[in-house]
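Visitor: Need a 3D model of the sequence below.
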Amino acid sequence: MQKTGYRAFLFTRHVPSIVVSMTLARLPMGVVTLILVLFVSVHYGAAASGMATAAFTAGVACFGPVFGRLVDKGHGPLALRILGVAELVAILSLVGGVMAEIHPAAVAACSFDAGVLAPPIADVTRSLWPVMLDIGLVSTAYNFEVLIVDLIYVMGPLLASLFIAAGIPEWGLIAATVGCTVGSLSLFGLAPIKSQTVGLKPHRPDTDQASN
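Guide: Below is the predicted model:
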């Protein structure tokens with residue numbers, strides 16, 4: 001008897017590893033902006049913290065679609081490997097710059113760089129499910145991924161508050177980004193993702209169902 005629904009989804013090979021990796025890789029979603037506001041505000045004031053947070057968000061918004069397009073062209077593994085490390089370097093530079101109290105404009109520039117270098121985790125995983133799973137399970141995988149994102153948005157601020165309450169917000173930024181780096185490199189190391197090639201065109205559930 002063929003397994004169906006969440007049972008089949010969870011028993012699919014590689015799926016548990018992908019879920020753990022993509023959860024770690026998404027940690028900055030619920031942590032970075034919250035800590036960034038308070039961390040920069042302590043050293044520079046509210047105006048500079050607002051600029052830094054806006055710059056980070058702008059970096060994600062401007063370059064997220066660019067990296068998403070690279071994933072569509074089959075460069076997802078390369079993006080994970082490079083950006084997973086590059087974002088950690090950018091966050092470390094940002095934390096070091098704030099601690100050294102460099103010019104606020106330079107802090108905003110570092111924040112923008114950190115946003116630019118955010119790995120395209122969602123683009124990689126969502127292009128992968130149609131390739132890995134039977135068509136009947138793809139929508140279940142998408143729903144499960146949305147659930148993980150919602151949990152991160154709930155648990156992320158709690159994690160951030162622990163570092164803030166301990167008086168070490170900078171370590172919250174670093175810890176979340178280390179999680180992102182570990183998750184990104186773990187995803188890159190998984191066979192289903194490494195096997196993606198340039199020009200890969202994953203099946204789309206809507207078009208497949210329409211053709212049946």
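
Visitor: Please make it C-alpha for all contacts and neighbour counts, starting now.
Guide: Fine.

Visitor: wait, what's in contact with residue 97?
Guide: Residues near residue 97 by CA atoms under 8 Å, 6 or more residues apart in numbering: 106, 107.

Visitor: measure it to residue 119 for me?
Guide: 22 Å (CA to CA, to the nearest Å).

Visitor: For the residue positioned nearest the centre of the chain, give me its contacts.
Guide: Compute the mean C-alpha point of the chain, and by CA atoms, centre = their mean the closest residue is residue 26, 3.7 Å away. Going by CA under 8 Å, 6+ apart, residue 26 touches 121, 149, 152, 180, 183.

Visitor: Can you get me a residue count around the fourth one?
Guide: When neighbours are counted by other CA atoms under 10 Å, residue 180 registers 29.

Visitor: host element of residue 87?
Guide: Using DSSP states H and E, the element containing residue 87 is helix 76-99.

Visitor: Pull the contacting residues for residue 142.
Guide: Per CA under 8 Å, 6+ apart, neighbours of residue 142: 126, 129.

Visitor: That one: what secondary structure?
Guide: Local secondary structure at residue 142 is given as helix here, using DSSP: H, G, I helix; E, B strand; the rest coil.

Visitor: Any figure for the gap between it and residue 127?
Guide: 10 Å.

Visitor: for residue 138, same thing?
Guide: 10 Å.

Visitor: between those two, what contacts are shared?
Guide: Counting by CA under 8 Å, 6+ apart, residue 138 and residue 127 have no contacts in common.

Visitor: Which stretches in this structure count as helices?
Guide: For the chain, the helices defined by DSSP state H cover 5-11, 15-25, 28-44, 46-72, 76-99, 104-116, 121-132, 135-165, 169-189, 191-194, 205-211.

Visitor: Now tabulate those helices in CSV and tack on mean pLDDT.
Guide: Formatted as CSV, these follow (pLDDT from 0 to 100):
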stretch, mean pLDDT
helix 5-11, 50
helix 15-25, 82
helix 28-44, 90
helix 46-72, 91
helix 76-99, 92
helix 104-116, 95
helix 121-132, 79
helix 135-165, 86
helix 169-189, 90
helix 191-194, 68
helix 205-211, 40
